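Q: how does the following fold in three dimensions:
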Amino acid sequence: MARIADIELSSPLVAAPLAGYSDLAYRLFCRRYGAGLVFSEMISCHGLVRRQRATLDLCRSTDAERPVAMQLFGAEPEAMGEAAAILSGLGCDIIDINMGCPVRKVVKKGAGAALMRDPLLAARIIRAVVKNSSRPVTVKIRSGWSHQEKNAVEIARMAEAEGCAAVTVHGRTASDGFRGRADHGDIAAVRQAVRKIPVIANGDVIAPEDIKKMQEETGCDLVMIGRGALGNPWIFSGRPRPTGRAALMRAALELLELMEEISPTGIGRCRNMVSRFARGFPGASRLRQEIFAAPDLASLKKLLT
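A: Okay, here's the model as predicted:
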């Protein structure tokens, strides 16, 4: 049985935090298909401390999705600690600290992957979050800032020493963004260096065979799946993605109905989510065009049925 601290997981496969995707409806969808743990998208510590409505909406949860991890980002220990205290009272199971996001608007504020260039500040942030959280704290990092500044082992050891319950390693550097291939060797090095807490491996898992390869080559405890699950929730059960249009469209409609019920959103986001299922079968390209031309939710549902 996979576990993080006192939390037992039904599967070692977990759904990654994806900006613009990992809302409550998507997380529930992933849990239905077998994900053992789901992560929220990044939550600003300042937005949470200020009780901004849009930020609080990102924290919405329900017992049906548990266990769930809420991911915080920020570069100020005091604000991160205060935000952790707020999150602890909102019913999440794990608080995750983002130290891996390479997006410019995040790193220019010293948050995300920029924290890997400042281990002392990163340690202070972890310490503040752990101190103010009643739930286990985890951290998500990359291999390093660049290929000349790989320090995932150093940061992971520090995270363990400061009380983190697990560490996730995306096997790319911040400078890589999402280019190239994830380096399994970097993840394996962290697994060898950090022995008391689970290591979660992340990067380029898009098919069941990728899961097995990641586990064998890194020795990781859990595998995090991000972009590979978009339009392919079956990966959380270790099954191949269906090739038939009917099965794919049934799943797309299921997600769309969850979005309509739980997280009402604009038609643009709905089109984007369901278009991920329109690939791999004859006529998929034309269907994607029709999806993006759908003027409203009713038209979109009709296409999927």
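
Q: nearest spatial neighbour of residue 276, skipping sequence neighbours?
A: What sits nearest to residue 276 in space, not counting adjacent residues and going by CB to CB, 6 or more residues apart in numbering, is residue 231, at 3.0 Å. Every residue, glycine included, has its C-beta placed from N, CA and C.

Q: equivalent analysis for residue 204, please.
A: Spatial nearest neighbour of residue 204, excluding adjacent residues (CB to CB, 6+ apart): residue 182 at 4.6 Å.

Q: residues contacting that neighbour?
A: By CB atoms under 8 Å, 6 or more residues apart in numbering, residue 182 lies in contact with 170-172, 202-204.

Q: count of residues packed around the residue nearest to residue 276?
A: Neighbour count of residue 231, defined by other CB atoms under 10 Å: 20.

Q: contacts only, for it.
A: Neighbours of residue 231 in contact, by CB under 8 Å, 6+ apart: 241, 248, 252, 275-279.

Q: what about burial for the residues you listed, which qualify?
A: Burial by neighbour count, 16 or more other CB atoms under 10 Å: within the contacts of residue 231 this picks out 241, 248, 252, 275-278.

Q: does residue 8 have beta-bridge partners, and which?
A: Note on residue 8: beta-bridge partners residue 3, judged by DSSP bridges.

Q: which helix or strand contains the residue nearest to residue 292 when sequence neighbours are not counted?
A: Nearest residue to residue 292 in three dimensions, chain neighbours excluded: residue 271, at 5.3 Å (CB to CB, 6+ apart). Per DSSP states H and E, residue 271 falls inside helix 267-275.

Q: now the longest helix seen in the chain: average pLDDT?
A: Criterion DSSP state H: the longest helix present in the chain is helix 245-262. When pLDDT is averaged over helix 245-262, the result is 95.

Q: could you export it as PDB, CA atoms only?
A: Only the C-alpha atoms of helix 245-262 are listed here, as PDB (Å, rounded to 0.1, in the frame of the first residue of the first chain):
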ATOM      1  CA  ARG A 245     -14.300   7.000 -30.700                       C
ATOM      2  CA  ALA A 246     -17.300   5.900 -28.600                       C
ATOM      3  CA  ALA A 247     -15.300   5.100 -25.500                       C
ATOM      4  CA  LEU A 248     -13.300   8.300 -25.700                       C
ATOM      5  CA  MET A 249     -16.400  10.400 -26.200                       C
ATOM      6  CA  ARG A 250     -18.200   8.800 -23.200                       C
ATOM      7  CA  ALA A 251     -15.300   9.800 -21.000                       C
ATOM      8  CA  ALA A 252     -15.200  13.300 -22.500                       C
ATOM      9  CA  LEU A 253     -18.900  13.700 -21.800                       C
ATOM     10  CA  GLU A 254     -18.400  12.400 -18.200                       C
ATOM     11  CA  LEU A 255     -15.800  15.100 -17.600                       C
ATOM     12  CA  LEU A 256     -17.900  17.800 -19.200                       C
ATOM     13  CA  GLU A 257     -20.900  16.900 -17.000                       C
ATOM     14  CA  LEU A 258     -18.600  17.000 -13.900                       C
ATOM     15  CA  MET A 259     -17.400  20.400 -14.900                       C
ATOM     16  CA  GLU A 260     -21.000  21.600 -15.500                       C
ATOM     17  CA  GLU A 261     -22.100  20.300 -12.100                       C
ATOM     18  CA  ILE A 262     -19.200  21.200  -9.900                       C
END
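
Q: how about the residue nearest to residue 103 when sequence neighbours are not counted, what does it touch?
A: In space, and not counting its chain neighbours, residue 103 is closest to residue 112: 6.7 Å by CB to CB, 6+ apart. Shown in contact with residue 112 (CB under 8 Å, 6+ apart): 73, 98-103, 106, 174.

Q: list buried residues within those.
A: The neighbour count (16+ other CB under 10 Å) marks 73, 98-102, 106, 174 as buried among the contacts of residue 112.

Q: now render those residues as JSON lines, adding secondary structure.
A: Output for the buried ones among the contacts of residue 112, formatted as JSON lines (DSSP: H, G, I helix; E, B strand; the rest coil):
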{"residue": "73", "secondary structure": "strand"}
{"residue": "98", "secondary structure": "strand"}
{"residue": "99", "secondary structure": "strand"}
{"residue": "100", "secondary structure": "coil"}
{"residue": "101", "secondary structure": "coil"}
{"residue": "102", "secondary structure": "coil"}
{"residue": "106", "secondary structure": "helix"}
{"residue": "174", "secondary structure": "helix"}
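
Q: would TSV of the residues you listed with pLDDT and distance to residue 30 be doable?
A: What follows is the buried ones among the contacts of residue 112, written out as TSV (pLDDT from 0 to 100; distance: CB to CB, whole Å):
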residue	pLDDT	distance to residue 30
73	97	21
98	98	19
99	98	23
100	96	20
101	95	20
102	95	23
106	95	24
174	95	26
